[in-house]
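J.: Below are the sequence and a predicted model for it; my questions follow.
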Amino acid sequence: MARKQITLKDPTRFKDPATLTWERYVALQARERERYLAERATIPDDAMAYRSVSPRYLERAVDQFANNYYSELSATHYIATAAANAPFDELKKCCLFQLADEQRHLEMDREVFERAGIPERDWLPAWEAPGTTCRFFRHLLELEDTIELLVKGNFVAEGAAGPATFAVLADGAEARGDVFSAVNHRARVRDETRHISFARVLVKALIDDDPANLDVIQTWQDESLQLFVEVARGGQRQEWWQGFLDSYYKIALPLGLRPTSLPV
Ligand SMILES: [Fe+2]
Ligand SMILES: [Fe+2]
């Protein structure tokens, strides 16, 4: 079956809500980096070396670390594809700034794995196991269309994994002595919020441009959430999953989308 494709007939409907220029982006990221390094400098050595967490925590955290790391690795790839195929420059610019963000997130998550002493040969098998984000991101990596990538990756996945879910992850890690992961989650969420904002503006523009686009976006939402539902582990991660859906529906329902019917 040929994939559905939609586009913005009137590209002037899309304006980067962060109004970034190259100069402003570089300045923003320099400030962001300073803030991150200052927060990181307050973490005790024991916590940075993962001596403050229990062995049981580490055993159970490997698949969370893998979800973080490989989601960011996937994001660097699909957003690069989205940039390469972008139908107009304003959208391409947003994708390129995001590519730089995701690259930094990826490096933070690689460092978590390394400092926690998890051998690299264990990383990918942990992500390929059931109950992870693997199936969703592998689907994204097969796509080439910028609009579909941004709706599924930025609007649905990042919109869902927004501030609320990262707060759950950060607080959970911190409560178990993993302060480094907590600092990383709180740093990443400031960029993700910008990725969600431009995707939201894009979705709104697509629907204003042609109301029939709503059906296609609904299908993309349904496909995405169905691929994501395994991460809820049949209700084992209920608090996280609820926050995930709530974050997403808070931005999606006001635009006319309907909840997806899901087995959890
Ligand atoms: Fe990211
Ligand atoms: Fe992102």
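T.: Thanks, I have it. Just so we're clear, the structure is a prediction, and the values are computed from it rather than from any experiment. Ligands and ions are numbered 1, 2, ... in the order given.

J.: Please make it C-alpha for all contacts and neighbour counts, starting now.
T.: OK.

J.: pLDDT on the strand or helix carrying residue 251, on average?
T.: Taking DSSP states H and E as the criterion, residue 251 maps to helix 238-252. Average pLDDT, helix 238-252: 91.

J.: helices and strands around it, which ones?
T.: Helices and strands touching helix 238-252, by 3 or more Cα pairs under 8 Å, 6 or more residues apart in numbering; DSSP states H and E, are helix 159-160, helix 163-175.

J.: okay, those in TSV with mean pLDDT and distance to residue 201 next?
T.: Shown next, in TSV, are the helices and strands packed on helix 238-252 (pLDDT from 0 to 100; distance: least, Cα to Cα, whole Å):
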stretch	mean pLDDT	distance to residue 201
helix 159-160	94	12
helix 163-175	89	18
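
J.: Can you say which of these is packed in most?
T.: Mean neighbour count, computed with mean count of other Cα atoms under 10 Å, is highest for helix 159-160 among the helices and strands packed on helix 238-252, reaching a mean of 28.

J.: re earlier: tell me which of the helices and strands packed on helix 238-252 sits nearest to residue 52.
T.: helix 163-175 (10.5 Å; Cα to Cα).

J.: Taking helix 238-252 as reference, get the angle to the closest one.
T.: On the basis of axes from the mean of the first three to the mean of the last three Cα atoms, to 10 degrees, helix 163-175 is oriented at 150 degrees to helix 238-252.

J.: Go through the helices and strands packed on helix 238-252 and name the closest to residue 103.
T.: helix 163-175 (18.1 Å).

J.: Show me what the lowest-mean-pLDDT helix or strand in the chain is packed against.
T.: For the chain, using mean pLDDT, DSSP states H and E, the weakest element among its helices and strands is helix 163-175, scoring a mean of 89. Judged by 3+ Cα pairs under 8 Å, 6+ apart, the packing partners of helix 163-175 are helix 179-209, helix 238-252.
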